[in-house]
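Novice: next input, structure requested:
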Amino acid sequence: MGRVETRMYRRRQKRAAWIRWLLLLSLGIAAVVLLWRGGQASFLAESMDDAAPTPGAGTFDKTVESREVTLPAQTWYAIQTGVFSTQEAATQKADAYTSRGAPGTVVRQGEKWRVFIACYGTESEASAVRTRLETNQKVDTYLYAWTCPELRLRLTGMVGQLDAVEAGFTLLTSAAGTMRDTAMLLDAAQLTTQEAASAVDELNGRIALWTDTVRSRFGKPYPALVSDLLAITDGWNARYTALGAAEDATALSAELKAHAMGLFDEICTWRAIMAAQ
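Specialist: All right, here's what the predicted structure looks like:
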């Protein structure tokens, strides 16, 4: 009986060792798959109930952490030339201003379509331009405060992933603002056409760098939040082509204003959708 018990004990030891080996092998494979996919399984984004400060960017590593981010509300001051109940009527109005050298841009808000011909970062700048239009060209306009809503998020993922996502938030709003302000400086003859084009090229380089970075840090399929940001930046190539095709300062200014407002509207619409979830 002693020998039988000894053999049975040794068999149990071997079986236990075999089970431990399989368990370690499974864990190793799971870890490799997680790293190969960029750690996307650990990346989560959800709305926050309470405001919190945005933490500073850290160095790229794969440490998993949670981070609370607040994207503050941002207001542009738009020179509005009309509000319409149908998109067709708004488009006709916008086309009429475009043919006169001003970029008529249609923005839908609820059941209304607004036509803007310019946007500025401060109320004083917009008011000054509006006064000149009414005085010199007899154009009736309305000053509209166009506010992009605040968005509060709680993000969980690798540090390098969170840094890339936060950089995307900043890049999108700054890209719209850069085009807006470049057009304003071009109109005021404070920039040459070549200098304005160089600013657009620099912006293109930043967007390309961010896109390459974020794609390298997340595996497919991308998390929904990352896909949303990439969808907005994917439209940049068409914008960049249109800006590059402008033949003179007037045409470039018109394109810059139109694309600045178009990008800002995309950002605001996306934020509103995210905040409602």
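
Novice: which elements pack onto the strand or helix carrying residue 135?
Specialist: Residue 135 belongs to helix 123-136 when assigned by DSSP states H and E. Applying 3 or more CB pairs under 8 Å, 6 or more residues apart in numbering; DSSP states H and E, we find helix 123-136 packed against strand 74-84, strand 112-120, strand 142-148. Yep, even glycine has a C-beta here, placed from its N, CA and C like the rest.

Novice: and that helix, C-alpha only, in PDB?
Specialist: Presented in PDB, the C-alpha positions along helix 123-136 are these (Å, rounded to 0.1, in the frame of the first residue of the first chain):
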ATOM      1  CA  GLU A 123     -16.400  89.900 -28.800                       C
ATOM      2  CA  SER A 124     -14.500  93.200 -29.400                       C
ATOM      3  CA  GLU A 125     -12.900  92.000 -32.600                       C
ATOM      4  CA  ALA A 126     -16.200  90.700 -34.000                       C
ATOM      5  CA  SER A 127     -18.000  93.900 -33.100                       C
ATOM      6  CA  ALA A 128     -15.400  96.100 -34.800                       C
ATOM      7  CA  VAL A 129     -15.700  94.100 -38.100                       C
ATOM      8  CA  ARG A 130     -19.500  94.100 -37.900                       C
ATOM      9  CA  THR A 131     -19.500  97.900 -37.500                       C
ATOM     10  CA  ARG A 132     -17.200  98.300 -40.500                       C
ATOM     11  CA  LEU A 133     -19.500  96.100 -42.600                       C
ATOM     12  CA  GLU A 134     -22.600  98.100 -41.600                       C
ATOM     13  CA  THR A 135     -21.000 101.500 -42.100                       C
ATOM     14  CA  ASN A 136     -19.000 100.900 -45.300                       C
END
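
Novice: just to revisit the earlier point, with mean neighbour count, distance to residue 105 and mean pLDDT added, can I get the helices and strands packed on helix 123-136 in TSV?
Specialist: TSV is the format used below for the helices and strands packed on helix 123-136 (neighbours: other CB atoms under 10 Å; distance: least, CB to CB, whole Å; pLDDT from 0 to 100):
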stretch	mean neighbour count	distance to residue 105	mean pLDDT
strand 74-84	20	9	94
strand 112-120	23	5	91
strand 142-148	15	11	94
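
Novice: out of these, flag the one nearest residue 251.
Specialist: Closest approach to residue 251 among those (CB to CB): strand 112-120, 15.0 Å.

Novice: doesn't residue 66 fall inside a strand?
Specialist: Yes: applying DSSP: H, G, I helix; E, B strand; the rest coil, one finds residue 66 inside a strand.

Novice: how many residues are close by it?
Specialist: 10 (other CB atoms under 10 Å).

Novice: can you tell me how far it is from residue 218?
Specialist: Remark: distance between residue 66 and residue 218 (CB to CB, to the nearest Å) = 17 Å.
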